[in-house]
Structures are given as structure tokens and as C-alpha cells.
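Peer 1: Prediction below, plus the sequence it came from.
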Amino acid sequence: MLSETLDRLKLVSLSLSEGPRLDTLPDDVLLIILSYLSTAQDISHLAVASRRLHQFISVNGWRTFVRNCFHNLSLPSPVPDNDWKELAKKLTSQSRDWDRRAFVFHVFSRHARLARGRNQRNSSGHNSQTVPCHIIVDVHSQLSGRTEEETVVWGAGEDLVALARRKHDNIIRSQTWQRYGGAESGFAAGRDDVTSLSILKTTRSSQGGTSGLLVGRASGDLRLLSMSGEKFGHTIRHYRPSTTENNAEQKEIQFLDTHEKSNLLAAATRDRILFYPLQGQGGASGDDTGVDMAATEEPTPIQPNEALNIGDVRGSPYFRFIRSLRFLNDETVAVGLTSSIEPLRYLTLTPAGIESSGAPNIASHLSSDEYRLGTVRALLPINAGSIAGGGGNTILTSWDDGTIRLQDLRTPSAFDRIYQDHFEPTTPVNALVSYGLERFVGGSARAPVLKIFDFRWSKGYDYTESLPCGNHAPMPPPRPPTITSEPLVAARSRCDHLRGCLCRWHALSREIYYRPNCNVYLPKRVGSDTPVHSLAKASDISPTLYAGLAGSLVELTLKTSSERLVQPSENPPYSYHKAKVNIIETGDGIVLSDISESQRMPIIRAQSERRSDYRFPASITKRHRLDEWLQDPQDFSDLYL
């Protein structure tokens, strides 16, 4: 009995003198605790609690935070231990900018001396017309800590233009322009316009360099061009069938895509798809050979491995022409068709040949008339690896009825989610880019408009969680195109995390109603309602998005990452100027059961840097749902009444 009492006293003494402390917990327990912290502010506060916690969080804490809060994005790999904090800062600020629509826009316009008209070159009469070319754009970047090297390339008619920038802390340290004149190489305006291009990543470098530029033209010309300095635009490889037999005729290039791991290039003409070996033997790129292409003859054309005429496939329904194609994985290619009862088809590459099939149960989603002709305009494979069971079988498609549809090929349903702009419900989208499973952007097929959608998956990070509590609703209240009831929550001025209760402001900030999608109306060319022809981003964590219009290239940069420019280059082929846009909030983006539900005009907000002169307290303007450039004094009226 006495021994038991002594043992208890020892335990009590031990518990009082050596009680558990946060900085003495095992690493695996600390990692579990860190996984529950949802803001960078929480991580920073914990890091200053003790020297040991500071060291632990510097190595492991920021990595855990980024991977937990931004698991829906494709993150760079590898990331040095010392760079995770900087990456967390970058991603949290970008997420806030996307949610608040904090954008900065610039427009690249061709100088008058290089302006192109289809009749202008051959006629000096007053009847000559200037037809702006379609801008087809792609971009690549390499990130190392706080330094980024970005190369954006675009096709402008028969010409190619490249701009390489080196940035450090969002300051452009240097920039280099390159231009490849198509006419100087025998390419003609119109006939040889660039219709598709893609920057290839090098196979020999793990640092994300580039090995060349694939360019397809309206004439059917398809080449891999050098991007190296003075060799820019020189031919490395020429992809061209030597015969028109076996469906190998190659006229207009509609679209091209690559699967570099499988060493495959797929090129679509109006009715055929040709598969080429992308690289030479051993996977070496053309730049690896060290051959000065400028001093050699035209390279021998590379022949396709296989060619398929979609119309000749048994059971294949009628279509006008192939609109787009994309590799989903190493054995599946998605094909978008124009004017077909099965506008979305899948090609399976097998040792025995190519098998073609339509999307399952697709007719019921076209209309009440299952024989109505439909068109799939754009295809975008989605990395769904962050979702349980997800993988390389998910695709986002835009349709001519204005819907954008998400499909997992392994599910029996035709589509798993359908999205729609509630303000312009029937306007189709020409081009798509996505940022993981956080959001995607579509370029309007009818006007210079960017449509920003939220995928509506659960968010790993929400910047509003780091803001103070309140008993009021987020401001200003949205005015969606559809008549939608405001969500109701209990009045509460402070969050009670022990009971799992949020204050009114934090609870409502999580509601979809207060996080609507939006349309961004880009600057118009005078007298032109040009659509968006192409979209490009370098990666999921890139702060810059490029939109190719007719005759101009628009650059969207997130505000906290907006670049401070260096001195302008001498004689650049394009001018570069800042622009302002209009924004309309368009509702939750879930497909409408009837387009007549869209029945009212949302509020139009115009960007203005002068809005910051209203001089409301920063503590108030930061709680506004939208960026300071979009705020209006009337938005704050409820707080001062």
C-alpha cells in the first residue's frame, strides 16, 4: 500500500516538473498539429514560440503547410528546404489575388511598321484592308527560389515572336526580344499563318529548360524550330508525309499536342490525325546534335508512324472537321469535333492499331433531340491526382451550347460536373486553362472576355480565415444574374473553435454565394469584337496568364506579383502598355436547368487606380470581397450608417 502511494507521488511529481511542452513534442506529433493550421499567420506565430519550433518549422513546417493547403495545385519539385517559406508566401498571396480579382493587365500590340494586312502587302490602293492576325501563344518558365526565367512565344500570322524575361522578386532584371519573319523564309500571310504551337521541355535537363518550338501552320507545314539565341526559328525537324496514301495527307494543321514521355506528336488536320515520333533516336532533341541548321540543307521530313481518317472509322458519325485534340495519357487521345452527334471522341492507341469510341451516354446531354449536331471547341486534361481515386483520366471540355463539362473516363456517366456562365449562358468558350482543381479560365468565342470559374472542390486555403471576426455579412453583397436567396447563418461576433462555431462573417465568407465566378472584359480593338483565340500559363503557381486575341496579346498578372519594368528594349517588335478592364460577377457557375433563369443584369465594375484615393481605413478595405481598384464608396455605406 505504501509503495503504491509512493509511486503515485512520484508520478505526480514527474507530471508537475516535466509536464509536456509544445517544443518538446516529437516531430511526428508536431507535424500532425501543423496539418491543422490553415493560415500562414498561424505558422509564423508558432515559429516564434521557441528556438526549436523555429528550426523545425523552417525545415518542415512550411512544407507541411503548402502541401496541405495547396494540394489541388501541381507544385514544383524538388523544392529546397529553405524555399518552402517563400513558396508559401507566393501561393497565399496568389490565392488572395484570385479571390479578390486583384489583376493587373498589359497589352502587347504590334508596331505600325510591322502591322499586317492580308491585302496591304500587295496593294497600295485605298481599298486595301487590314485583317488582324490571330495570336496563338504558349509560355514556359523556370523557377529557382525568388528568381524566375520566363519565355513567352506567340505566332502572329506567318511570323513568330519570343520574349524572354529574367525576374527577381517580380522585378524584371532583363528582357530579350526575338522575331522570326515568316516572309523571309517563304511563308505567306494567310496561307501559312501559325495555327498551333507548343514549347517543348528538354529531355536532357531536369531544370525545366526548353528544347524547341513546335509550330503548325494553315498550309499543313509542321516543324520543330530552335529557340536558341541566333538560331531562333531555324528548322530542327520537319514533319511531313511523303505520300498521300494510307490517310497520310497533311493539309491545314488544326491543332497539335505532344506526350513527351511516349515520344509522340499528334497533329490534327480537318479530317485526319497523324502520329509522329517527337524526338530522334534515344530521345535526343535537335539542339542536342550540335548541328548548325543554318548551314545545312532542309532536314529530311520525318514520316508519321500512323495516320487515321476519323471519317473512315466504321460507325463514326458525320462531322465537319476536327477542332482540337489532347493526350490524356500515353494511350488515350481525346478529339473534339465540329457539327457531330458525337462531338467528343476518344482514340485508344494499342499495339494492334487505333481504336475509336464516343463518350458514354453523351446524346442525352446535347438536347432533347439526340440527333442535334454539337461542337466541342476546347479540350483540357485535368490532373485529378489530389482527389481520392483521381488520375490521368479526367478532362474538361467546352461545348458550343455554352457549357463546360468535366468528365472522368472511368465513371459510367457522360459528365461528372457541368459548369455554365450565368450571365452569358449560351456563349461558348474557345480556349481553356486550369490551375489544378482550384479554378479554370475560359476565353470567350465571341468577344475579348475571360471567364473565371471555381471548380467548387473543397478549398485547402482561404485568405479570409486570417482576417478578424465580425457579426456582419461580407461586403458588398453580390448581385447574381439568377434570383438566388442569400444564405443565412446565426448571428455571432466571434468564432468559438472549441465548439466548432464560426462568427457570422467567417461562416458567410465560406459560402459559394459570396465567392461568385466572374467575367473579365478585356480592352477591345477599335471596331472589333475579337474572340479569345488562345490562352497560356507556365504552371499552376505562375502569376501570369496570356490571352491571344486578334492582333494583340493580353497579359494578366496577379497584383502582388505585378512586374516593375526595366528600361524598354531598343526597337522591340511590340509595344507594351497598361490597360484597365471591366468585371462582372456571374454566379456560382453550376449549370442552369433553364437559361431563362438568367434574368437580371449584374453590377459592372471598372478598374480604377484612383479608387484608392477614397481613403477608407485599410482595416475596412481589406475586408471588402474585391480588390481596391474595384471598390466603390457605396460598398461601405452599411458600415457607416
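Peer 2: Sure, I can see it. Numbering: from 1, shown residues only.

Peer 1: Hmm, Glu149 is touching Val139, no?
Peer 2: No: between Glu149 and Val139 there is no contact under Cβ atoms under 8 Å: 11.5 Å. To be clear about C-beta, it is placed using only N, CA and C from the backbone, and glycine gets the same treatment.

Peer 1: which regions of the stretch 251-400 of the chain sit below the pLDDT cut-off?
Peer 2: Scanning the stretch 251-400 of the chain for pLDDT under 70 picks out 280-297, 360-371, 385-392.

Peer 1: Swap in 80 and give it another go.
Peer 2: Residues of the stretch 251-400 of the chain meeting the criterion pLDDT under 80: 280-297, 314-315, 359-372, 384-392.

Peer 1: And for the stretch 401-550 of the chain?
Peer 2: Low-confidence segments of the stretch 401-550 of the chain (pLDDT under 80): 409-415, 524-529.

Peer 1: Okay, helices next: where are they in it?
Peer 2: Taking DSSP state H, counting those that start in this stretch as the criterion, the stretch 401-550 of the chain contains helices spanning 504-509.

Peer 1: any idea where the strands of it begin and end?
Peer 2: Counting by DSSP state E, counting those that start in this stretch, the segments of the stretch 401-550 of the chain that form strands are 403-408, 417-420, 429-435, 439-444, 449-454, 517-521, 534-537, 544-548.

Peer 1: Looking at those strands, which is nearest to His168?
Peer 2: Smallest distance to His168 across the strands of the stretch 401-550 of the chain (Cβ to Cβ): 15.3 Å, for strand 544-548.

Peer 1: Run a quick neighbour tally on the nearest residue to Ala359 once chain neighbours are set aside.
Peer 2: Nearest non-adjacent residue to Ala359, counting by Cβ to Cβ, 6 or more residues apart in numbering: Leu344, 4.6 Å away. A count of neighbours around Leu344, defined by other Cβ atoms under 10 Å, yields 24.

Peer 1: Check the contact between Leu344 and Thr338; I expect there is one.
Peer 2: No: with contact taken as Cβ under 8 Å, Leu344 and Thr338 are classed as non-touching, separated by 11.4 Å.

Peer 1: Of all the strands of the stretch 401-550 of the chain, which one is nearest Pro317?
Peer 2: Nearest of those to Pro317, taken as Cβ to Cβ: strand 403-408 at 18.7 Å.

Peer 1: isn't there a helix covering Val59?
Peer 2: Yes: with DSSP: H, G, I helix; E, B strand; the rest coil as the criterion, Val59 is assigned to a helix.

Peer 1: Distance of it relative to Val79?
Peer 2: Distance, Val59 to Val79, by Cβ to Cβ, to the nearest Å: 12 Å.

Peer 1: Same check on Glu555?
Peer 2: 26 Å.

Peer 1: out of those two, which sits in the busier spot?
Peer 2: With neighbours defined as other Cβ under 10 Å, Glu555 and Val79 compare such that Glu555 has more, 22 against 16.

Peer 1: just checking, the more buried one touches Ile135?
Peer 2: No: with contacts counted by Cβ under 8 Å, Glu555 stays clear of Ile135, the gap being 11.6 Å.

Peer 1: would Ile620 count as being in a helix?
Peer 2: Yes: in this structure, Ile620 lies within a helix as judged by three-state DSSP.

Peer 1: tally of neighbours for it?
Peer 2: Residues within reach of Ile620, counting by other Cβ under 10 Å, total 14.

Peer 1: again with Arg510
Peer 2: By other Cβ under 10 Å, 17 other residues sit near Arg510.

Peer 1: cool, Pro351 as well?
Peer 2: For Pro351, the count of nearby residues is 4 (other Cβ under 10 Å).

Peer 1: Next, give phi and psi for it.
Peer 2: Dihedral pair for Pro351: phi -60, psi -30, per degrees, to the nearest 10.

Peer 1: Kindly report the same for Pro317.
Peer 2: Torsion angles, degrees, to the nearest 10, at Pro317: phi -70, psi 170.

Peer 1: so who does it touch?
Peer 2: When contacts are counted by Cβ atoms under 8 Å, 6 or more residues apart in numbering, Pro317 touches 340-342, 358.

Peer 1: Let me know the closest of these to Thr350.
Peer 2: Sorting the contacts of Pro317 by distance to Thr350 puts Gly358 at the head of the list, at 17.4 Å, by Cβ to Cβ.

Peer 1: thinking again about what came up before, check contacts around the residue nearest to Ala359.
Peer 2: Contact partners of Leu344, counting by Cβ under 8 Å, 6+ apart, are 334-337, 358-359, 362, 376, 397.

Peer 1: what do you get if the cut-off is 10 Å, keeping everything else the same?
Peer 2: 334-337, 358-359, 362, 365, 374-376, 379, 395, 397, 399, 405, 407, 414-415 (Cβ atoms under 10 Å, 6 or more residues apart in numbering).

Peer 1: re the thing from before, list the residues that contact both of Glu555 and Ile135?
Peer 2: 108, 546-547.

Peer 1: pretty sure Leu22 is touching Ala47, no?
Peer 2: No: with contact defined as Cβ atoms under 10 Å, Leu22 and Ala47 do not form a contacting pair (11.6 Å).

Peer 1: Looking only at neighbour counts, state which of these two leads.
Peer 2: Neighbour totals were compared for Leu22 and Ala47, and Ala47 leads with 17 against 13 (other Cβ under 10 Å).

Peer 1: how about the helices in the chain?
Peer 2: Assigned by DSSP state H, the chain shows helices spanning 2-17, 27-34, 40-47, 51-56, 62-69, 84-100, 504-509, 618-621, 637-640.

Peer 1: how about these, which one is nearest Ile310?
Peer 2: For the helices of the chain, distance to Ile310 was read as Cβ to Cβ. The smallest value, 38.0 Å, belongs to helix 84-100.

Peer 1: name the helices or strands packed onto that closest one?
Peer 2: With contacts taken as 3 or more Cβ pairs under 10 Å, 6 or more residues apart in numbering; DSSP states H and E, helix 84-100 sits against helix 40-47, helix 62-69, strand 429-435, strand 439-444, strand 449-454, strand 552-558.

Peer 1: Could you rerun that using 7 Å?
Peer 2: Counting contacts by 3 or more Cβ pairs under 7 Å, 6 or more residues apart in numbering; DSSP states H and E, helix 84-100 packs against helix 62-69.
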